[in-house]
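Student: Provide a 3D model corresponding to the input given below.
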Amino acid sequence: MLNPMLRTFLAVADCGSFTKAAERLFLSPTAVMKQINTLESHLNLTLTQRTPTGIRLTAAGNVIARNAKFMADYAEKSIAEARAATHTYDTTFCVGTSLLNPAKPFMDLWYHVNHLFPDYKLHLVPFEDNHEGILGEIEKLGEKFDFLIGVCDSKAWLSLCRFLPLGRYQKMIAVSRDHRLAEKKKLNIEDLYGETLMMVRRGDSGVNDFLRHDLETNHPQIHIEDTPPFYDLSVFNRCAETGNVLLTIECWQEVHPGLVTIPVNWDYSIPYGLLFSHNAPEDVLQFVEAAKEAAGTQA
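Tutor: Numbers count the residues shown, from 1 in each chain. You can find the predicted model right below:
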């Protein structure tokens with residue numbers, strides 16, 4: 001993995017001689033000198049000085065040698081880990097986990113079906129909920145993760161993966177702890193009159209679009225503020241900092257300690273479940289079938 005010229009340079013630095021480095025590398029001294037000259041030209045640095053007793057490194061050469069040695073050691077460690085991973089890859093499910101899409105529901109499901117996969121282990125892979133990068137994470141299903149588990153009513157998400165619904169989460173409202181509504185145990189829609197309600201902009205979620213249409217048509221006293229198309233922590237921070245109210249879901253009640261999440265007297269909910277690649281391998285599809293059966297049994 002390390003650049004061959006750097007490996008040659010390390011051999012010269014270690015041996016203190018082009019000739020001895022050539023013997024170690026099974027090259028000619030001329031080939032070694034040519035590689036060092038090319039490296040120095042590429043870096044625009046003088047790395048070595050010829051002396052009557054051999055080769056001495058310059059100050060720049062010492063820096064390059066020190067860091068190249070670290071890179072060589074790290075590369076060897078990476079290769080060793082990669083080789084070890086090849087022995088467990090075929091019997092490991094990689095599961096993505098984040099603040100808004102935690103792996104706990106997957107773990108609950110796993111303990112219902114893991115007897116069908118006796119040789120398999122789970123590897124949790126963290127990822128960020130950043131609204132600008134989340135689609136890139138979804139695209140990595142089948143590469144970075146075998147599964148994600150989370151809320152999914154997004155047309156953009158569903159265009160990038162397959163989805164097995166496992167249940168539904170109720171739509172709720174989050175407010176700051178000092179908000180006038182914070183002490184209420186349950187809200188009516190009329191309680192939101194005069195408030196600014198934060199929710200994702202129209203177009204990506206069928207449930208949200210239906211709810212927005214209901215509010216705009218029947219409850220114009222509620223002002224709606226568009227959020228980014230996918231929530232991240234910045235959305236919850238804005239709710240806490242502005243005093244606005246936020247459309248959220250029951251599984252996000254602990255996301256922000258400065259917010260209180262309150263159920264609403266309505267029937268809006270959103271599906272959650274397993275997300276997996278369009279080109280998922282056979283063992284992933286077997287798990288999906290097992291999960292489908294387990295979900296049907298628990299329903």
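
Student: hang on, Gly150 in a strand?
Tutor: Yes. Counting by DSSP: H, G, I helix; E, B strand; the rest coil, Gly150 is found in a strand.

Student: need the contact list for it.
Tutor: 100-101, 272, 275 (CB atoms under 8 Å, 6 or more residues apart in numbering). Any C-beta I mention is one placed from the backbone N, CA and C, and that applies to glycine too.

Student: hmm, 6 Å instead?
Tutor: Applying CB atoms under 6 Å, 6 or more residues apart in numbering to Gly150 gives the contacts Asn101.

Student: so what's it scoring on pLDDT?
Tutor: For Gly150, the pLDDT comes out at 91.

Student: before we move on, what about Pro4?
Tutor: Looking at Pro4, the pLDDT reads 86.

Student: which residue is the nearest non-sequential neighbour of it?
Tutor: Spatial nearest neighbour of Pro4, excluding adjacent residues (CB to CB, 6 or more residues apart in numbering): Gln35 at 7.3 Å.

Student: how about Lys121?
Tutor: Thr92 (5.2 Å).

Student: for this structure, give me the ranges with low pLDDT.
Tutor: Scanning the chain for pLDDT under 70 picks out 1, 80, 83-89, 297-299.

Student: can you give me the helices for the chain?
Tutor: 4-15, 18-25, 29-43, 59-88, 104-113, 134-139, 155-158, 206-218, 233-242, 282-298 (DSSP state H).

Student: closest one to Lys185 among the ones you listed?
Tutor: Across the helices of the chain, Lys185 has its closest neighbour in helix 233-242 (19.6 Å, CB to CB).

Student: buried residues in the closest one?
Tutor: 235-236, 239-240 (16 or more other CB atoms under 10 Å).

Student: for it, which outside residues touch it?
Tutor: 174, 176, 198, 227, 246, 255-256, 258-259.
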